[in-house]
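Peer 1: no sequence on this one, just coordinates:
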């Protein structure tokens, strides 16, 4: 029996699926106590509230670590297209999995302190 996030990932081309699975596993490893669900139509990790979201698009992976996650890593994220609480990682570049891991770890600590 599949889960909603696996079903979400399966809708994308194979290479994008592989990248989305890597992102999912990176988040899982960085937030072992988090639960997964679909919220706002996209994969979401929850730990004391919404922790991070991610989403697939035609040319990028959207990563949504809240405005605080973006602000805390703003210098490292400077080369990427951003919104207030989001960043776009292009699919034609190596996925910055170490940066994603560190952002998730930051968010885990942040949710513990709230």
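Peer 2: Cool, got the structure. Predicted, not measured: the structure shown is a model, and the values here were computed from it.
Peer 1: Mind checking what helix or strand follows the longest strand along the chain in sequence?
Peer 2: Using DSSP state E to define each element, the chain has its longest strand at strand 50-56. Later in the chain than strand 50-56, the nearest helix or strand by DSSP states H and E is strand 60-64.
Peer 1: residue ranges of the helices in this structure, please?
Peer 2: 4-10, 14-30, 66-72, 74-77, 97-112 (DSSP state H).
Peer 1: which other residues reach the longest strand of the chain?
Peer 2: Here strand 50-56 makes contact (CB atoms under 8 Å, 6 or more residues apart in numbering) with 8-9, 11-12, 16, 19-20, 23-24, 27, 31, 34, 39-40, 42-45, 61-66, 69, 103-104, 107-108, 111. (Each C-beta comes from the backbone N, C-alpha and C, glycine too.)
Peer 1: Format the helices of the chain as a markdown table; extra columns: mean pLDDT and mean neighbour count.
Peer 2: Output for these, formatted as a markdown table (pLDDT from 0 to 100; neighbours: other CB atoms under 10 Å):
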| stretch | mean pLDDT | mean neighbour count |
| --- | --- | --- |
| helix 4-10 | 96 | 15 |
| helix 14-30 | 97 | 16 |
| helix 66-72 | 94 | 17 |
| helix 74-77 | 96 | 13 |
| helix 97-112 | 96 | 17 |
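Peer 1: Mind putting those into JSON lines with distance to residue 91?
Peer 2: Output for the helices of the chain, formatted as JSON lines (distance: least, CB to CB, whole Å):
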{"stretch": "helix 4-10", "distance to residue 91": "14"}
{"stretch": "helix 14-30", "distance to residue 91": "6"}
{"stretch": "helix 66-72", "distance to residue 91": "20"}
{"stretch": "helix 74-77", "distance to residue 91": "17"}
{"stretch": "helix 97-112", "distance to residue 91": "14"}
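Peer 1: To residue 90, which of these lies closest?
Peer 2: With CB to CB as the criterion, residue 90 lies closest to helix 14-30 of the helices of the chain, at 10.4 Å.
Peer 1: residues making contact with the closest one?
Peer 2: 5, 9-10, 12, 34, 36, 43, 45, 52, 54, 56, 61, 63, 91, 95, 97, 100-102, 104-105, 108.
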